[in-house]
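Enquirer: Quick one, structure for this:
(one chain, ligands or ions: 1)
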Amino acid sequence: MVGDSLILFIDMNSFFATCEQQVNYYLRNRPVAVCVYPGKYGCVIAPSIEAKKFGLKTGMRLNDAVKLCPDLIPLETHPPRYREFHIGIMKILRSYCEEVYPKSIDEAIVDLSTYRHVYKDPLKLAREIKQRIRKEVGDYLQCSIGIAPNAFLAKLASDLQKPDGLVTIFPENIDEVLSKLQLTDLPGIAGGLSAQLIKAGIKTPLELRYASADKLRAALKSVVGIYWHQRLNFMEADIDFHEYKTMQAMRQVSASQRQNVQTMENLLVSLCMMLEKRMVGQGVYAKDITVFINYEDNKVWSDRIHAGSPVQEGTKILDLIKARMKKFRETHHSDALINTHISAMGVTVSKFVPADALVLDLFEDTVKQDKLRQTVYNLKDKFGYDKLLKAIELSDDNIMSDVIGFGSVKDMYYKSTPSVV
Ligand SMILES: [Mg+2]
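Expert: Okay, here's the model as predicted:
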């Protein structure tokens, strides 16, 4: 049942506060609280490890926090600072494998399943990661690492020892670990869910582990019950990044369609935009783009592009493809790749990253644009996106030049529906 899966869950301890202590030596070993604003009623968003010892919690008002800890040093938040440290930490994680999924600015999942033969001793690897973070990112930064066969148990393991924890959960110790916990100690189980389980006679995490999937589904009246059975029995219920391994958009081109170069240019745009639409629908970004063009004489041009940062926007995919085509032409002194001899064209995107995992990983603008795009697509049915897309495929040059001219399909929507902006 356990299979070969191996997940590391990395949770930076008191991340925002520790970043502040990293850059300001005076703050080290002192109780500090990062706040939305440091006025009397400012809200504590991150107490330092030292401040937590006084009972400070995220969400407290500053005037209440100071009552608990009179020496507390309130600090304003510096998001760009935390993002910079985050990027440094992700860089270290990605030096071990490609399957690194940031869950938030201070948490990441590393899926080592296909690297078990490379990293035979995961504990040694975890210690090395901790050491490298201290050496290469900041000597004051600490993290708790959980190691287990699935993402849920790895996260649970990372929660069990703070700060600077290193805990594993495997078949040989899971019952011992769970026997010390309450239902509400499990990430994702709050009061309501716990009450439902207790009502069904499941009072402890151990009982939850040994309840059948069917019993849990009945108890929770939902498929969620099955997920809980899977989580505590080493199956993966929380990483489904591989559900859509690739998405492809491709078109055959008839002899009459290929008479016009502009039509072929338009076709490439529409393929990129179709992929954008599907990725928005699935809430994913892609790291790899593959493009191919077949010609009448059976020759093929194809290339694989690794996007520097994950992409979702059709025009960005188009730009990357165009840049690659330009480079090919320059290197090989060839004719234009998009010409009137094309018989088929296709674009594939792969290596998906869930959009929510990108929060703060990229620049804020990207996230904002992502939300904007989602909003646009939520409107698509109302305003007939499919009709519009068909129009694009039929090479209505006016529409196409608008798309190219304004950089994104969303501009068309905002022009036609200004009331929703
Ligand atoms: Mg944390």
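
Enquirer: A17: which element?
Expert: Using DSSP states H and E, A17 sits within helix 15-23.

Enquirer: Give me the contacts around that helix.
Expert: 12, 27-28, 30, 32-34, 45-49, 51, 75, 77-78, 81-82, 85, 105-106, 138-142 (C-beta atoms under 8 Å, 6 or more residues apart in numbering). (Glycine included, C-beta is placed from N, CA and C.)

Enquirer: Which of those fall in strands?
Expert: Of those, the ones assigned to strands by DSSP state E are 12, 32-34, 45-47, 75.

Enquirer: quick one, what contacts V253?
Expert: 264, 267, 342-345.

Enquirer: Let's see the PyMOL selection covering just the buried ones among the residues you listed.
Expert: Command for PyMOL, covering only those of the contacts of V253 found buried under the criterion 16 or more other C-beta atoms under 10 Å:
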select buried, resi 264+267+342+343+345
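
Enquirer: Closest one of the ones in strands among the contacts of helix 15-23 to the ion?
Expert: M12 (5.0 Å; C-beta to the ion).

Enquirer: Leaving aside the residues adjacent along the chain, what's closest to the closest one?
Expert: Closest residue to M12 apart from its sequence neighbours, by C-beta to C-beta, 6 or more residues apart in numbering: D106 at 4.0 Å.

Enquirer: Alpha carbons of stretch 291-306, as PDB, please.
Expert: C-alpha atoms of stretch 291-306 as PDB (Å, rounded to 0.1, in the frame of the first residue of the first chain):
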ATOM      1  CA  VAL A 291       5.200  23.300 -30.400                       C
ATOM      2  CA  PHE A 292       5.200  21.500 -33.700                       C
ATOM      3  CA  ILE A 293       4.500  22.500 -37.300                       C
ATOM      4  CA  ASN A 294       4.000  19.900 -40.100                       C
ATOM      5  CA  TYR A 295       4.500  20.900 -43.700                       C
ATOM      6  CA  GLU A 296       3.000  19.600 -47.000                       C
ATOM      7  CA  ASP A 297       6.300  17.800 -47.800                       C
ATOM      8  CA  ASN A 298       6.000  15.900 -44.500                       C
ATOM      9  CA  LYS A 299       8.900  17.900 -42.900                       C
ATOM     10  CA  VAL A 300       8.300  18.800 -39.300                       C
ATOM     11  CA  TRP A 301       9.600  21.700 -37.100                       C
ATOM     12  CA  SER A 302       9.200  21.200 -33.400                       C
ATOM     13  CA  ASP A 303      10.700  22.600 -30.300                       C
ATOM     14  CA  ARG A 304      10.400  22.400 -26.500                       C
ATOM     15  CA  ILE A 305      10.500  25.500 -24.500                       C
ATOM     16  CA  HIS A 306      11.100  25.600 -20.800                       C
END
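
Enquirer: Tell me the buried residues in the biggest helix by length in the chain?
Expert: In the chain, assigned by DSSP state H, the helix with the most residues is helix 261-282. If you call a residue buried by 16+ other C-beta under 10 Å, then helix 261-282 has these buried ones: 263-280.

Enquirer: Near R209, how many other residues are there?
Expert: 17 (other C-beta atoms under 10 Å).

Enquirer: Look up how far the ion lies from it.
Expert: Per C-beta to the ion, to the nearest Å, R209 is found 26 Å from the ion.

Enquirer: go on, M250?
Expert: For M250, the distance to the ion - C-beta to the ion - is 43 Å.
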